[in-house]
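>>> model the structure of this input:
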Amino acid sequence: MIYPKIPLAQSIIEICSSKGIHDIVISPGSRNAPLTIGFANNPKFKCYSIVDERCAAFFALGIAQQKRKPVAVICTSGSALLNYYPAFAEAFYSQIPLVVISADRPKNKIDIGDGQTIRQENVFINHSLYNANLTEDVSEENDVFINEAINVAIVHKGPVHINAPFEEPLYETTKKLTVDFNVTGLFKTTGTVKIEDIIAFSTLWNHSKKILILVGECYPDSVEQKWIDALASSQSVVFLSEANSNIHHPDVINSIDLLITPFTNDEFEILQPRILITFGGMIVSKRIKSFLRKYKPRHHWHIDENRAYDTFGILTQHFQVSPNQFFSQFLPHVKALDSNYKSSFKNIISIRKKKRASFLEKTTFSDLKVFDVILKHLPKSCMLQVSNSSAIRYLQLFDVPKGISVFCNRGTSGIDGSTSTAIGAAVTTKKTTYLITGDIGFFYDSNALWNNYIPKNFKIILVNNSGGGIFRILPGHEENEVFNIFFETSHSLTAKNLAEMYNFDYHVASDEKSLVKGLKNIADENHKPCILEVFTPEKENDKILKEFFNELD
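Below you'll find the predicted structure:
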């Protein structure tokens, strides 16, 4: 075995191994050479080399998203570290365990004009769950900091930062482990809800005929189906879930915006719940957030082991347990009530779906039509990664077939790393992985394709409407030069040359017939990754979407 000669690097590597961190994403550099040598020469680790640090961090995020275990991402000193920040913030808000290990100059080299040197300690302080600022010397304190950082990432599901100063020489190696390192145990207790709280809150439930359940992003099968079935069967419950909730039941309404967009004030008052129960990640739908902020429930309970955001300005209770734990204790105390709350909105969504089908039959080719066609032709057991902005919002208008798992970086809702995250997620599974992305997000993160680990069954569906089409959907836009340049960012770029450069199979679609053909072609191609670029009319998509919502009324 080859080890780095620097003892601090040895300690970091061995403690990572002992804590079960086996996926290491390395951004090539010099100051991090001791770590690179140690990780890359140890068969316990699976190491990836990603040159672009921003892409590397999102790639690591994608692996951690799927494995739900910490992944380490390692960089050299200087501005390299700052490029990790977008993924770091995403990990914070999406509660994904990401361990950033940065190599640094010794303290006496900081702020004296030395090259590739910045103030790295606590650089992520606003979004880091733990900051381990190590010293060059071998010490028990360093071991404590490293252990604690990784423990926090595991238990509290979020990003941590370990900053390690190394002095030259950096490349020397040894065949013997020369450090005695300490590994501290992981203390994680499984919470329960106090019986007095169960009694008190079930009493509230049992006197409420209008209960709204709203679910954000969840990992597939993370909430037991028996609890979903029990909740969805209640006549006093309207159960809403988003496209990336990965929850399925005939009585669960998955297309929230389809339901509520045309509502009148009277209908909103009827929907206004007495109790709102939420779990899962961030909510995509602006419309449901606006509704709940205006038509506030009397009680809002959020169920999450770690955090509860007061998204609607009415949070009254945070149950700090998993949804499975909560419902296993709570539901045996719930009584069935006569209520027309669920049936009323079940009838409404049924009518909306018929109107949706009717509109899509007669409408012209557009972004809306593209998503309808895609969802009808995706394999029923694939992983679907979705970029932010218009892509995830269009997906919200449809029911994702059961068996397709959906993921989207909704922690910060940025477009900056969707492709990198999708590729990181794809390397963890044998499932075919599809990424649906808009053109701006795709070109922004095009360095994601500079990657030697992309599976052959990775498919990108690029919806190219020649700019940031979502800005046309937002109220108040005007067709002028300022809008086109600074908001929509109109362009005439295509992915053809990128596909050729990165050895992707490339297909084009510009109408429904060619889209169906293109989807079949990329589904059949498993010898190399694919891009299907779908061109839609730049100045028609917003009009068609508005017509669609008018038709629902």
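
>>> elements contacting whichever strand or helix holds residue 163?
Per DSSP states H and E, residue 163 falls inside strand 160-165. Under the contact criterion of 3 or more Cβ pairs under 8 Å, 6 or more residues apart in numbering; DSSP states H and E, strand 160-165 touches helix 7-18, strand 98-104, strand 131-133, helix 140-156. For every residue, glycine as well, the C-beta is placed using N, CA and C.

>>> CA atoms only: put the last one into PDB for me.
I take that to be helix 140-156. Output of helix 140-156 as PDB, limited to C-alpha atoms (Å, rounded to 0.1, in the frame of the first residue of the first chain):
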ATOM      1  CA  GLU A 140      -5.900  14.300  19.000                       C
ATOM      2  CA  GLU A 141      -7.800  17.500  18.400                       C
ATOM      3  CA  ASN A 142      -7.500  17.100  14.600                       C
ATOM      4  CA  ASP A 143      -8.900  13.600  14.900                       C
ATOM      5  CA  VAL A 144     -11.800  14.900  17.000                       C
ATOM      6  CA  PHE A 145     -12.600  17.600  14.400                       C
ATOM      7  CA  ILE A 146     -12.400  15.200  11.500                       C
ATOM      8  CA  ASN A 147     -14.600  12.600  13.300                       C
ATOM      9  CA  GLU A 148     -17.100  15.200  14.400                       C
ATOM     10  CA  ALA A 149     -17.400  16.700  10.900                       C
ATOM     11  CA  ILE A 150     -18.200  13.300   9.300                       C
ATOM     12  CA  ASN A 151     -20.600  12.400  12.200                       C
ATOM     13  CA  VAL A 152     -22.500  15.600  11.700                       C
ATOM     14  CA  ALA A 153     -22.800  15.000   8.000                       C
ATOM     15  CA  ILE A 154     -24.200  11.600   8.600                       C
ATOM     16  CA  VAL A 155     -26.600  12.300  11.400                       C
ATOM     17  CA  HIS A 156     -27.800  15.700  10.400                       C
END
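
>>> now it: average pLDDT?
Average pLDDT, helix 140-156: 95.

>>> cool, stretch 507-526 as well?
The predicted confidence, averaged over stretch 507-526, sits at 97.

>>> give me the buried positions along it.
507, 508, 509, 514, 515, 518, 519, 522, 523, 525 (16 or more other Cβ atoms under 10 Å).

>>> roughly how far apart are the fourth one and residue 365?
Counting by Cβ to Cβ, to the nearest Å, the separation of residue 514 from residue 365 is 10 Å.

>>> same check, this time on the first one
Distance of residue 507 to residue 365, computed by Cβ to Cβ: 16 Å.

>>> and for the third one?
For residue 509, the distance to residue 365 equals 9 Å [Cβ to Cβ].

>>> got CSV for the buried residues of stretch 507-526, with distance to residue 274 and secondary structure too?
Compiled in CSV, those are given as follows (distance: Cβ to Cβ, whole Å; DSSP: H, G, I helix; E, B strand; the rest coil):
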residue, distance to residue 274, secondary structure
507, 51, strand
508, 52, strand
509, 48, strand
514, 50, helix
515, 45, helix
518, 48, helix
519, 45, helix
522, 48, helix
523, 47, helix
525, 52, coil
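
>>> return the closest of these with respect to residue 546.
Residue 546 lies nearest to residue 515 out of these, by Cβ to Cβ, at 22.3 Å.

>>> spatially nearest residue to that closest one (excluding sequence neighbours)?
In this structure, residue 515 finds its nearest non-sequential neighbour in residue 509, 4.0 Å apart by Cβ to Cβ, 6 or more residues apart in numbering.

>>> ok, the most centrally placed residue in the chain - contacts?
Residue closest to the mean C-alpha point of the chain, counted by Cα atoms, centre = their mean, is residue 409 at 2.8 Å. Residue 409 sits next to 58, 61, 90, 94, 388, 417, 418, 421 when contact means Cβ atoms under 8 Å, 6 or more residues apart in numbering.

>>> okay, stretch 449-460 in PDB with CA atoms only?
Taking Å, rounded to 0.1, in the frame of the first residue of the first chain, the C-alpha atoms of stretch 449-460 are listed here in PDB:
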ATOM      1  CA  LEU A 449     -20.000  16.400 -20.100                       C
ATOM      2  CA  TRP A 450     -16.200  16.700 -19.600                       C
ATOM      3  CA  ASN A 451     -16.400  13.500 -17.600                       C
ATOM      4  CA  ASN A 452     -15.000  10.000 -18.100                       C
ATOM      5  CA  TYR A 453     -17.600   8.200 -16.000                       C
ATOM      6  CA  ILE A 454     -20.900   8.900 -17.900                       C
ATOM      7  CA  PRO A 455     -22.800   5.600 -18.300                       C
ATOM      8  CA  LYS A 456     -23.700   4.400 -21.700                       C
ATOM      9  CA  ASN A 457     -27.400   4.400 -20.800                       C
ATOM     10  CA  PHE A 458     -27.400   8.100 -19.800                       C
ATOM     11  CA  LYS A 459     -29.900  10.100 -21.900                       C
ATOM     12  CA  ILE A 460     -30.300  13.900 -22.100                       C
END
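
>>> ok, residues contacting it?
By Cβ under 8 Å, 6+ apart, stretch 449-460 touches 48-52, 55, 59, 419-420, 422-423, 426-427, 431-435, 437, 442, 495, 498, 501-502, 504, 522-523, 526-532.

>>> filter the residues you listed to the buried ones?
Applying 16+ other Cβ under 10 Å to the contacts of stretch 449-460 flags 48, 50, 52, 55, 59, 419-420, 422-423, 426-427, 431-435, 437, 442, 495, 498, 502, 504, 522-523, 529-532 as buried.

>>> what's the burial count for residue 265?
Residue 265 has 9 neighbouring residues, counting by other Cβ atoms under 10 Å.

>>> the helices and strands packed on strand 160-165: which one's closest to residue 29?
Of all the helices and strands packed on strand 160-165, strand 98-104 comes closest under Cβ to Cβ, at 7.2 Å.

>>> isn't residue 528 right up against residue 503?
Yes. Counting by Cβ atoms under 8 Å, residue 528 sits close enough to residue 503 to count as a contact (6.2 Å).

>>> just the helices in the stretch 351-500 of the chain please.
For the stretch 351-500 of the chain, the helices defined by DSSP state H, counting those that start in this stretch cover 367-377, 390-395, 418-426, 439-444, 470-473, 481-482, 496-501.

>>> what is the longest one packed up against?
For helix 367-377, the helices and strands in contact under the criterion 3+ Cβ pairs under 8 Å, 6+ apart are helix 341-362, helix 390-395, strand 458-464, helix 512-524, helix 541-552.
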